[in-house]
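Engineer: 3D model of this:
(2 chains)
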Amino acid sequence: MTAMCPAVENNPIHIESASRISELLSKLFMQLQLFGLFSAHFQTSLEEAVLDRLTIRPALLTTVATAIEGSATLALSLSAVPTISNRAQWSSPNKLGGYADRDLTVKLSEIIASYLGCWQNAVEHPDSASFRFIRLAFWYWREKGDVFAALELLADLYSAGFFLSQNHFGDAALTICDACTRDFDIATLAAQAFGSQEADRAVALAVDNLSERPHSSDKAQQLVDWWIERAIDQSERARAAPDPDDWVVQVAGLRITVQILHSLVERHRSYMAAAQRAIASQFEEVRADLGGAALVERLIAIEGRPLLFRVTGVEAVSIEYQRILGEGWLDKMLEDRLLVPNALCTNVVKAYSGTPNSRAREIEIPAEWRMVSESVAWPLCAAFGRDVDIECSQEFEGDRVVAACRKLGYEPESDGEGYTPNEFSSEAQAHARRELSVTQLATLLRDGSLFAEASANVVARLEEIATLYPWNHMIRRELGIRNDQSDNIEEGFRQMRAAVLLDPTDAMNWHSLSVVLRRLGEERDALLAAGISKVCEGRKHE
Amino acid sequence: MNKALSLSKLVDEAAYLQDESSKNLSGSITDPENFERNASALESLHRGSFSFIAFHPRTDPAVAEYIERGSLASDSGPNILVLFFSAAEMRFPRNITPNDVNLGVTLDTEVHPAYQFTERLFPTGVRPKLPGLLFFDHVLDANEAVYVPILKQSTAIEVGDFCRSVFILVDDVVKRHKPWERVSFDDLSTTLKSKGIEYSRTGETSIGEWLIVAYDFVKKNAGTIVSVVSKIAKVA
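Structural biologist: Sure thing, here's the model as predicted:
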């Protein structure tokens, strides 16, 4: 089983003799995937305006990909990226999807077009958005002769961000699950030319007729087994996450698996084996934990509070564990539930050690876990409709938020005394925090000496600002330039890379990157970066 | 790679599932002292046979390998809940590692818990040939058990072939009877005999008591009883 998760897979894009640009383009492509995954995971709005948050990123990536694909001197290849066809722009019209490289020959530009097609369809026609995936799954089932291969492709497409909504995935996956448990004979679609209207009618008819057939207990058990195995594997990967980037991605993939498992248990409880029911029951708790954590994150995002890594649910769950299990409760809770990654378990243990009545102190989050990295920052912000450049890593004090709300003309929603931010609407709080963040950043950047040529402590001051605004591409670029000028070239590259990942549409970021790459002796990468810089310039003038 | 889950967690979940209308924040956790009481819930949930694999990790490496990464999970199927002594508690289902099947690796066969407890089921003076598979259908009440020694198989593949053939027979016996009838050991014995598979019957014994003593024993020795998560073979 290959549960594909974009942030932890090897780089999917390879350009011969240009490893640094390959890695960067891979990460930029993964950011698009993660935009889709996070939108579904956090169940953000499906309004049409959602796609505006993508800015010109997809178009830019398409232009770059098309230029490289058309080049006589550059060879771009893709690893096994799951994809679905966009029949308007697809060089293998007879294939509805699968895995690039493994199943089909497909260009990066075509895959990006498929993403945009699927997302556009999801926001414009939410009621029928799942059908293209159902059609693909039946086709893939027929091609591979294996319904589980089709389910795996669907699940991998979800992890790769093709679905903007959990409901759309649920529709597609549960339809195929139903076809499996109701012993649908895939051979009845053997003669269909998939992609034609006639085939679409045949698929729709097959789906409509499914409810007339009884479930097979053997198939129901096999199906539940398959989802349980996927959930166990994904749980192990989530627990083993080495950083917040991986954690947030793995958890998003696991959550949809346990959602489907939950639906299947509801349908097939009477057919399930004892161990299956027991394990599914355990995953019920995981489903609740992950769902709760996603909801908290969404509320935080709506209120404009910092997008920090948070440990959610430990304190609430701990009360019963302590009461029932007594000594040793903490280890058991950490093993039973998926509240924290293994890397942070010692921090949770530390928070509880030596405290009176076993109440936790605040769980100390190590600096490297405080926020996701520049690779994941943009998709997280884009899914929530936040501006990555002004994301502050520190919470503003309550009275400052209240004062800002009032200054912006908002009135508290309750007439309680001693106003707190929570007494203002989420919209008011978000607006106030945004204003506070912009003002603070502007004040920090207005320091005239910050960009002066000769200033020994400029790097240190820029680093301080970067700690407060780690996702601001201009600060990261400036840090890159300063480090490069100080002959700290690798650090210069690291900062420049971050700037590009935070805003690849800024020509200056690519230009500065090309300078650093040249100093690193990466001529081919440098040439490509300079070329992409020109593409960005050109787009700016369009 | 096979997966497993601790028996105590399985028992907790079984008890929790008895009243599906009631859910709480802490999930299924119960006081470990309630293991015996909750074990009856497992019996209600699992209407097939239980099987215990008695092996010593040093002297029976082929059996250990079969448990860890052989076809055990798909061989046993949903009607047979396979248990073994593990060196690590697995409160959450996960892959079995070589370390998990290593409980008591330094112990002599005379005192190894798996060997010792299998022998406890037989009348004084009767020493079963080990390693082997023990089949029983009650986890609490006194009942019979059937023991099938694994005698001639020296590799994990051979152990797998043999165990699979035994599991198929047990599964057939389970399926021949109504869910509430439990396993007929007369039927099972006849079936094993007709296939020329060596076996022995323990006589009436309290498997439940045995399990609880075994559970406490391995717990004191930093281990636990775990159940293999069965893998239902895919049908195209």
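
Engineer: could you list the low-pLDDT ranges of the chain?
Structural biologist: Using chain A here. Applying pLDDT under 70 to chain A picks out residues A:1-9, A:87-93, A:355-359, A:415-418, A:452-456, A:540-542.

Engineer: you answered for a different chain; I wanted chain B.
Structural biologist: Using pLDDT under 70, chain B drops low at B:20-33, B:142, B:179-180, B:205, B:233-236.

Engineer: all strands of chain A, in order?
Structural biologist: A:13-15, A:76-78, A:82-84, A:97-99 (DSSP state E).

Engineer: with chain B instead?
Structural biologist: For chain B, the strands defined by DSSP E occupy B:3-6, B:49-54, B:80-86, B:94-95, B:132-136, B:142-143, B:146-149, B:200-201, B:205-206, B:224-228.

Engineer: adding distance to A:Gln495, write these out as CSV.
Structural biologist: Placement of C-beta: from N, CA and C, glycine included. Conversion of the strands of chain B to CSV gives the following (distance: least, Cβ to Cβ, whole Å):
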stretch, distance to A:Gln495
strand B:3-6, 44
strand B:49-54, 57
strand B:80-86, 49
strand B:94-95, 40
strand B:132-136, 62
strand B:142-143, 71
strand B:146-149, 66
strand B:200-201, 73
strand B:205-206, 70
strand B:224-228, 49
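
Engineer: wait, which of the ones you listed is closest to A:Val249?
Structural biologist: strand B:94-95 (20.2 Å; Cβ to Cβ).

Engineer: how about the closest one, does it reach chain A?
Structural biologist: Yes. With Cβ under 8 Å from any Cβ of the partner chain as the measure, strand B:94-95 is seen reaching chain A through B:Arg94, B:Asn95.

Engineer: in chain B, which spans are helices?
Structural biologist: Along chain B, the stretches classed as helices by DSSP state H are B:7-17, B:35-45, B:61-69, B:72-76, B:113-120, B:156-176, B:185-194, B:207-220.

Engineer: if we can go back for a sec, just the strands of chain A: most buried one?
Structural biologist: Scoring the strands of chain A by mean neighbour count under mean count of other Cβ atoms under 10 Å in any protein chain shown gives strand A:82-84 as the most buried, with a mean of 26.

Engineer: contacting residues around it?
Structural biologist: A:4, A:96-100, A:104, A:106, A:111, A:114, A:118, A:132-133, A:136, A:153, A:156-157, A:159-160, A:162 (Cβ atoms under 8 Å, 6 or more residues apart in numbering or on different chains).

Engineer: test my guess that B:Thr118 contacts B:Leu133.
Structural biologist: No. Assessed by Cβ atoms under 8 Å, B:Thr118 is found out of contact with B:Leu133, at 10.0 Å.

Engineer: which residues of chain A lie near chain B?
Structural biologist: Residues of chain A lying near chain B (Cβ under 8 Å from any Cβ): A:145-146, A:148, A:218-219, A:221-222, A:225-226, A:228-229, A:232, A:235-236, A:273-279, A:281-282, A:284-285, A:316-317, A:319-321, A:324-325, A:332, A:335-337.

Engineer: go through the residues you listed and flag which are in helices.
Structural biologist: Using DSSP H, the residues of chain A next to chain B in helices are A:148, A:218-219, A:221-222, A:225-226, A:228-229, A:232, A:235-236, A:274-279, A:281-282, A:284-285, A:316-317, A:319-321, A:324-325, A:332, A:335-336.

Engineer: quick check on those residues: which are buried?
Structural biologist: Buried by 16 or more other Cβ atoms under 10 Å in any protein chain shown: A:148, A:219, A:221-222, A:225-226, A:228-229, A:232, A:235-236, A:274-279, A:281-282, A:284-285, A:317, A:320-321, A:325, A:332, A:335-336, out of those.

Engineer: residues in contact with residue 70?
Structural biologist: You didn't pick a chain, so chain A it is. A:Gly70 neighbours (Cβ under 8 Å, 6+ apart): none.

Engineer: chain B was what I was after
Structural biologist: With Cβ under 8 Å, 6+ apart, B:Gly70 has these contacts: B:Asn2, B:Ala156, B:Ile157, B:Val159, B:Gly160.

Engineer: how about a cut-off of 10 Å?
Structural biologist: Going by Cβ atoms under 10 Å, 6 or more residues apart in numbering or on different chains, B:Gly70 touches B:1-2, B:62-64, B:155-157, B:159-161, B:163-164.

Engineer: with those in mind, which one is nearest to chain A?
Structural biologist: B:Met1 (9.9 Å; Cβ to the nearest Cβ).
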